[in-house]
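Participant: Sequence plus the predicted model coming up.
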Amino acid sequence: MKITGAKVIVCSPGRNFVTLKVHTDEGVYGLGDATLNGRELAVASYLDDHVVPLLVGRDPFDVEDCWQYLYKGAYWRRGPVTMTAIAAVDVALWDIKGKALGTPVYNLLGGRSRTGVLCYGHASGATLEETVDAVARYLDLGYRAVRAQCSVPGVPSAYGVGGAELGYEPATRGLPSEDAWSTEEYLRFVPRLFERLRGEFGFDVALLHDAHHRLTPIEAGWLGRRLEDCRLFWLEDPVPAELQDSFRLIREHTTTPLAVGEVFNSLYDCQQLITEQLIDYVRATVVHAGGITHLRKIAALAEPYHVRTGCHGATDLSPVSMAAALHFDLSVHNFGIQEYMRHSADTDAVFPHAYRFADGYLHPGEGPGLGVDIDEHLAQRHPYVPAYLPVARRLDGTVHSW
Ligand code: EZ4
Ligand code: CO
């Protein structure tokens, strides 16, 4: 089998997505997601101008060799744009191999390690009461794990609130908006939120929270300790993780489980976090961390250190990524949980998919390959629209991590 060409499809069915469709001489094609929120066209160009010409004539079954060729062959290593582009090719090749062999991708990854993929949904509200109601709604839908975010008095645009019916959509059309931020108000409010949620729902539901890179290590240590009796499933992204060492300080102060890594693009971003057991869950994803091939290596490194996976799964990852994540999640032994934010009806129409939610678990389906397709005709009706994630500023105007 030979690759005959590949097409980059940019579309915006409610939000922007970049998709790579790899064609072969046997008529089988594969899909990969290449969406990098707010920097979509950079990856589209990287693929179109610099990667697609290198794919023609290659055997799509040589997945590892292709990965190494694109990674080492570029000379310039790592970085979100490069690794997202490599991920798109990698996932498309796994899809092709599954379709060609007539088996779901999870069978190529060692087979099933479990019967379903535990996932969590996103509850949020402008007030504490609204957030309580939102959590209740997820429990009614059968979720066993819920992330809770809430506007903070004095900080109405706190991360993770609103913008979609079952979820949270942070990117807005046009140039970036600016959100006000106050760590002091946030730290005062969050313990109240989780004490209330535990009082209301007890301890049978797993509760998660995303601090979204906004704290310092000592602030994160305080918050983690303060929340210990609320028994969070995890506290996510307590601090920006460029400095992996900073997690040691957090660990010294709290036993609240820590998750990090949705912005990681390689194993080297989490090597120290894993081998020094500074985190409990690694959130690297197929689309931003070099595809299934590289993510498996991150999971393999994590397994002996008791670090489990908790892949990013927000709506800026297309249904192609969600499908790929589910095959990975089903197969990898040290799976922890999968983030699941439902896509809009327009997005689901452009990307028909076999995966389904039932009783708090996701299932990738039993069809060959990834089990997801793209309706190119429909995609064309939703052209790219410039859209960006917000920027955060502290109350005195200083730029803060968003
Ligand atoms: O802000 O996907 O845990 N999920 C998240 C997401 C991210 C967006 C960024 O593109 O933190 O909401
Ligand atoms: Co997050």
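Facilitator: Arrived safely. Ligands and ions are numbered 1, 2, ... in the order given.

Participant: Output the helix or strand hosting W67 as CSV, nothing but the C-alphas.
Facilitator: Here W67 sits within helix 63-73, counting by DSSP states H and E. The C-alpha coordinates for helix 63-73 follow below in CSV (Å, rounded to 0.1, in the frame of the first residue of the first chain):
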residue,chain,number,x,y,z
VAL,A,63,3.7,4.2,11.4
GLU,A,64,6.8,4.3,13.7
ASP,A,65,9.2,4.9,10.8
CYS,A,66,7.0,7.8,9.5
TRP,A,67,6.8,9.3,13.0
GLN,A,68,10.6,9.2,13.4
TYR,A,69,11.1,10.5,9.8
LEU,A,70,8.9,13.6,10.5
TYR,A,71,10.3,14.2,14.0
LYS,A,72,14.0,13.7,13.3
GLY,A,73,13.9,14.7,9.7
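
Participant: starting at the chain centroid, how far to that helix?
Facilitator: Centroid separation for helix 63-73 versus its chain: 23 Å, with C-alpha atoms, centre = their mean, to the nearest Å.

Participant: Kindly report the same for stretch 72-86.
Facilitator: 19 Å.

Participant: Is that stretch in proximity to ligand 1?
Facilitator: No. Residues of stretch 72-86 are not located near ligand 1 by C-beta under 6 Å from any ligand atom, the shortest gap being 10.9 Å. (Glycine included, C-beta is placed from N, CA and C.)

Participant: Quick check: mean pLDDT of that stretch?
Facilitator: The average pLDDT within stretch 72-86 is 98.

Participant: tell me what the helix holding W67 is packed against?
Facilitator: Packing partners of helix 63-73 (3 or more C-beta pairs under 8 Å, 6 or more residues apart in numbering; DSSP states H and E): helix 52-55, helix 80-101, helix 291-302.

Participant: Quick check: which of the ones you listed is buried the most?
Facilitator: Highest mean neighbour count among the helices and strands packed on helix 63-73 (mean count of other C-beta atoms under 10 Å): helix 80-101, with a mean of 26.

Participant: Only C-alpha atoms, please: export that helix in PDB.
Facilitator: These are the backbone C-alpha positions of helix 80-101, laid out as PDB (Å, rounded to 0.1, in the frame of the first residue of the first chain):
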ATOM      1  CA  PRO A  80       3.100  22.500  19.600                       C
ATOM      2  CA  VAL A  81       2.900  23.300  15.900                       C
ATOM      3  CA  THR A  82       5.300  20.500  14.900                       C
ATOM      4  CA  MET A  83       3.900  17.900  17.300                       C
ATOM      5  CA  THR A  84       0.300  18.600  16.300                       C
ATOM      6  CA  ALA A  85       1.200  18.200  12.600                       C
ATOM      7  CA  ILE A  86       3.000  14.900  13.300                       C
ATOM      8  CA  ALA A  87       0.100  13.800  15.400                       C
ATOM      9  CA  ALA A  88      -2.300  14.300  12.500                       C
ATOM     10  CA  VAL A  89      -0.200  12.100  10.200                       C
ATOM     11  CA  ASP A  90       0.300   9.500  12.900                       C
ATOM     12  CA  VAL A  91      -3.400   9.200  13.800                       C
ATOM     13  CA  ALA A  92      -4.400   9.000  10.100                       C
ATOM     14  CA  LEU A  93      -1.900   6.200   9.600                       C
ATOM     15  CA  TRP A  94      -3.400   4.200  12.600                       C
ATOM     16  CA  ASP A  95      -6.800   4.800  11.100                       C
ATOM     17  CA  ILE A  96      -5.700   3.500   7.700                       C
ATOM     18  CA  LYS A  97      -4.100   0.400   9.200                       C
ATOM     19  CA  GLY A  98      -7.200  -0.400  11.200                       C
ATOM     20  CA  LYS A  99      -9.400   0.000   8.100                       C
ATOM     21  CA  ALA A 100      -7.100  -2.100   5.900                       C
ATOM     22  CA  LEU A 101      -6.900  -4.900   8.500                       C
END
